[in-house]
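Visitor: Pasting the sequence and the predicted model now:
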Amino acid sequence: MTKRIAEIFAEYSAYHNHPLNQLCHYIGIPMIVVSLFGILSFITFGSAEFTANIIRPDMGMALLLFGLGFYFYMDWKLALPFTLVLFGFYFLGRSLPFWSLVALQVIGWVFQLVGHYKYEGKKPALADNLTHMLIGPIWIFAKWIGYAKPRT
């Protein structure tokens, strides 16, 4: 684990100690990511012929590529397998109807807020640092795969 990601994981983890808050995040964050990719995929660039292909330029793909750039900068060994997860989330989100994406977004944020205010008793980490919007998904992935724990 790189020092960069270890430091930000330690900071992020301080907001996520309660097991039920973590569970809320395990459920809510993937919902938010899938729905955000899906909602943003409705904003396309280029001609209709080009955008009909599987890989098309849209805002969801732009967010995906931006996020991957950030993750590879933070820790390429973790980002490499996470790339597959993010592409899966992108294509899943892109395949869902718009109103189901809106519902997933709302439900995902409800999980986040319930986790923080009911179980953790702390405001969300992103209230202090917007970078945590990008850290949440990879933090969950790192925990799922048992990636090395940050040094304290």
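Guide: Yep, it's here.
Visitor: Would you state the helices of the protein in chain order?
Guide: For the chain, the helices defined by DSSP state H occupy 3-13, 19-40, 48-51, 59-74, 76-95, 98-114, 132-145.
Visitor: which residues sit against the last one?
Guide: Put plainly, it is helix 132-145. Applying CB atoms under 8 Å, 6 or more residues apart in numbering, the contact partners of helix 132-145 are 5, 8-9, 12-13, 15-16, 22, 25-26, 29-30, 33, 67, 70-71, 74, 78-79, 81-82, 85-86, 124-126, 147. From N, CA and C alone the C-beta is placed, and that goes for glycine too.
Visitor: swap the cut-off to 7 Å and go again
Guide: Helix 132-145 is contacted by residues 8-9, 12, 25-26, 29, 33, 67, 70-71, 78, 82, 85, 125-126 when judged by CB atoms under 7 Å, 6 or more residues apart in numbering.
Visitor: wait, which of the residues you listed is closest to residue 104?
Guide: residue 33 (9.5 Å; CB to CB).
Visitor: Contact partners for that closest one?
Guide: If a contact means CB under 7 Å, 6+ apart, then residue 33 has 89, 137 as its contacts.
Visitor: Quick check on the contacts of helix 132-145: which are buried?
Guide: Burial by neighbour count, judged by 16 or more other CB atoms under 10 Å, picks out 8-9, 12, 25, 29, 33, 67, 71, 78, 82, 85, 125-126 from those.
Visitor: May I see those organised as CSV, with distance to residue 119 added?
Guide: Output for the buried ones among the contacts of helix 132-145, formatted as CSV (distance: CB to CB, whole Å):
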residue, distance to residue 119
8, 22
9, 20
12, 16
25, 10
29, 15
33, 21
67, 27
71, 27
78, 26
82, 26
85, 25
125, 14
126, 17
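Visitor: Would you mark the buried spots in stretch 70-89?
Guide: Within stretch 70-89, the residues scored as buried using 16+ other CB under 10 Å are 71, 74, 75, 78, 79, 82, 85, 86, 89.
Visitor: so the third one touches residue 7, yeah?
Guide: No. At 11.0 Å, residue 75 and residue 7 do not qualify as touching, with contact defined as CB atoms under 7 Å.
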